[in-house]
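K.L.:
here is my input; please provide its structure:
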Amino acid sequence: MVRFALDTNVLVYADGVNLVPGETRKQQLALRFVERAPDGSIVIARQCLAEFHWVMVRRARLAPAAVASRLRPWIRDADLIDTDAAVFDAALILASDHQVPIFDAIILAAAVEARCDLLLSEDFHDGFAWRGVVVTNPFGPTPDKRLARLLAD
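P.N.:
Residues are numbered from 1 along each chain as shown. Predicted coordinates for the structure are as follows:
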């Protein structure tokens with residue numbers, strides 16, 4: 001089974017919130033992914049949940065209690081990865097070696113720690129691979145074939 005790590009943007013789109021006009025396609029793809037992903041295949045860094053909360057409160061202007069309710073299913077159903085010392089140390093290496101912003105580096109390092117195959121993210125170069133995890137843009141023209149099979153009609 002392929003293990004998928006999700007970044008914050010994927011969570012926001014999967015929640016159905018459209019912060020940018022014209023992004024309906026991204027919402028549809030994110031929702032299709034969540035509906036079709038096998039049980040136990042979704043991994044989320046807790047940092048992404050915190051970022052999701054921030055985006056939903058600040059940008060979508062939702063009440064914190066409402067956002068907490070929206071987070072509960074992710075907390076219940078996904079495999080959550082914390083930013084422990086090993087994840088943070090790996091993120092520092094990634095940020096230094098590849099000039100990746102530290103918050104993105106933490107998400108990718110957490111995906112490595114969780115033994116994910118793919119990180120679904122718009123924030124990296126599509127196809128970037130680090131320590132066995134490949135980053136794919138789920139909304140781009142050519143997502144990784146493992147994701148494309150799942151999203152195919």
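K.L.:
how close does residue 66 get to residue 40?
P.N.:
28 Å (C-beta to C-beta, to the nearest Å). Where C-beta positions appear, they are placed from N, C-alpha and C, glycine not excepted.
K.L.:
now do the buried residues in the host helix or strand of residue 91.
P.N.:
Following DSSP states H and E, one finds residue 91 within helix 85-98. Going by neighbour count (16 or more other C-beta atoms under 10 Å), the buried part of helix 85-98 is 87, 90-91, 94-95.
K.L.:
in the one helix or strand residue 65 maps to, what's buried?
P.N.:
For residue 65, the host element (DSSP H and E) is helix 64-77. Within helix 64-77, the residues that qualify as buried by neighbour count (16+ other C-beta under 10 Å) are 67, 70-71, 74.
K.L.:
got it, and stretch 52-61?
P.N.:
52-53, 55-56.
K.L.:
the strands in the chain, which residues?
P.N.:
4-6, 42-45, 79-81, 118-120, 129-130, 133-136 (DSSP state E).
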